[in-house]
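> only geometry, no sequence info:
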Ligand SMILES: O=C1O[C@H](COP(=O)(O)O)[C@@H](O)[C@H](O)[C@H]1O
């Protein structure tokens, strides 16, 4: 599989695998970025061949910087960018040109540099309220399911994205799903909203866990020492009855952690 090829090609990585979860630890963030680009390109190739499209979900934050190798000639020339459909796992309710916008971050760092069709980039409608933007995004996802662009999970009935790229905050949050927040239990909506995010800005929309966990593949990309405590909670042997959001990530398909040695320092 592309994942097997990827694993054997990363000489400096140490890898432990269970049936559905892989943990890869790299010496540096630079090596994470190199490996991540190959992982994404391989999955793009697989899904473009299998179904003629590749649905990929981005996060905001530090993840986008770790995608920088995708704009190098090797991938610019080989990836079937015109078959990509790009989504966001969460977005801040701010104008698209605002410094806090996850769309702007991805546009500046990746989307403006690769030939993805503008009509295949599904940004938030920034003219709407948080409630309105979440409803609008969910409606657009349902339309894409009806058109056959987006698959539906036979197991869960929620949309099944080909690849979801998740970051993780030092508190263990993923998307805009924060520790102890009632949204962690949302099990009906595809996309919901939050107005009291503990991390600014307070108003955001976010995919729910049933959508996240219906994914075919999830990459959890975590770099830097501040995240080491949450990585230890998620992957270490300790017992803790309160689950962090990151510990609730459990896809139908395959989960791969991409860690640098700082993030993995407490394992
Ligand atoms: O606020 C957010 O934070 C998380 C984690 O960001 P990071 O900079 O600590 O990697 C991010 O994944 C999410 O998309 C974003 O809205």
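Sure thing, it's come through. Because the structure is a prediction, the values reported are computed rather than measured. Numbering: from 1, shown residues only.
> Which neighbouring elements make contact with the lengthiest helix in the chain?
Longest helix in the chain by number of residues (criterion: DSSP state H): helix 29-51. If you count contacts as 3 or more Cβ pairs under 8 Å, 6 or more residues apart in numbering; DSSP states H and E, helix 29-51 packs onto helix 2-9, strand 21-26, strand 54-58, strand 163-166, strand 217-222, strand 254-260. Using the backbone N, CA and C atoms, a C-beta is placed for each residue, glycine as well.
> Reformat those as a markdown table; add mean pLDDT and mean neighbour count.
As requested, the helices and strands packed on helix 29-51 are exported to a markdown table (pLDDT from 0 to 100; neighbours: other Cβ atoms under 10 Å):
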| stretch | mean pLDDT | mean neighbour count |
| --- | --- | --- |
| helix 2-9 | 38 | 15 |
| strand 21-26 | 96 | 21 |
| strand 54-58 | 98 | 24 |
| strand 163-166 | 98 | 25 |
| strand 217-222 | 98 | 26 |
| strand 254-260 | 98 | 23 |
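> closest to residue 46 out of these?
helix 2-9 (5.5 Å; Cβ to Cβ).
> all helices for the stretch 101-250 of the chain, in order.
102-109, 130-147, 209-212, 228-235 (DSSP state H, counting those that start in this stretch).
> could you give me the average pLDDT of the shortest one?
So that's helix 209-212. On average, the pLDDT along helix 209-212 is 98.
> list the buried ones in it?
Buried residues in helix 209-212, counted by 16 or more other Cβ atoms under 10 Å: 209, 210, 211, 212.
> now stretch 130-141
130, 133, 134, 135, 136, 137, 138, 140, 141.
> where does the fourth one sit relative to residue 69, distance-wise?
Here residue 135 is placed at a distance of 36 Å from residue 69 (Cβ to Cβ, to the nearest Å).
> Can you give me the neighbour number for the one residue in the stretch 151-267 of the chain that gets nearest to the ligand?
Taking Cβ to the nearest ligand atom, the ligand has its nearest neighbour within the stretch 151-267 of the chain at residue 167, 3.0 Å off. Neighbour count for residue 167, taken as other Cβ atoms under 10 Å: 24.
> Pretty sure it sits against residue 58.
No: in this structure residue 167 lies outside contact range of residue 58 using Cβ atoms under 8 Å: 9.5 Å.
> which bits of the stretch 51-200 of the chain sit near the ligand?
59, 60, 61, 62, 63, 90, 102, 167, 168, 169, 176, 199 (Cβ under 6 Å from any ligand atom).
> Show me which of the residues you listed are buried.
Looks like these have 59, 60, 61, 62, 63, 90, 102, 167, 168, 169, 176 buried, using 16+ other Cβ under 10 Å.
> Centroid-nearest residue for the protein?
residue 165 (2.2 Å; Cα atoms, centre = their mean).
> check contacts around the residue nearest to that residue when sequence neighbours are not counted.
Distance criterion Cβ to Cβ, 6 or more residues apart in numbering; nearest residue to residue 165, sequence neighbours excluded, is residue 219 at 5.2 Å. Residues counted as contacts of residue 219 (Cβ atoms under 8 Å, 6 or more residues apart in numbering) are 36, 39, 40, 163, 164, 165, 166, 256, 257, 258.
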